[in-house]
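K.L.:
Structure, please.
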Amino acid sequence: MLDSTALSRLRWRCRRGLLENDLFIERFFKRHEASLTVRHAAGLQQLMDLADNDLLDLLLRRREPEGALSVPEVIEVLGMLRERAAAAPQRD
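P.N.:
Model (predicted):
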């Protein structure tokens, strides 16, 4: 697990220029903050090295990780970032 200092640094590193990316990342931290590991942080760091539009393409499933990004920790974190919220109950 990540300690509070490492988690704080990771959150800072994940700040993006596109609102759409920030929304994915914010939801990711809300869901997974308490269970993030060093492995998750490494995968997330690799994704944060991408340009905003390239990251958004991955988040929106317009493309899949290739080359150096096609590693288990990146694929796992990308799956976590792509998770949708549970469907809200329908009202009658």
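K.L.:
Quick check: chain neighbours aside, which residue is closest to residue 78?
P.N.:
Distances taken as CB to CB, 6 or more residues apart in numbering place residue 58 nearest to residue 78, at 6.0 Å, with adjacent residues excluded. For glycine as for every other residue, the C-beta is placed from the backbone atoms N, C-alpha and C.
K.L.:
OK, contacts around the one you found?
P.N.:
Contacts for residue 58 (CB atoms under 8 Å, 6 or more residues apart in numbering) come out as 47, 50, 64-65, 69, 78.
K.L.:
Reformat those as TSV; add secondary structure and distance to residue 31.
P.N.:
Listed next are the contacts of residue 58 as TSV, based on DSSP: H, G, I helix; E, B strand; the rest coil; distance: CB to CB, whole Å:
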residue	secondary structure	distance to residue 31
47	helix	16
50	coil	21
64	coil	22
65	coil	20
69	helix	22
78	helix	14
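K.L.:
Got a PyMOL select line for the buried ones in these?
P.N.:
Selecting the buried subset of the contacts of residue 58 in PyMOL, with 16 or more other CB atoms under 10 Å as the burial test, is done by:
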select buried, resi 47+50+65+69+78
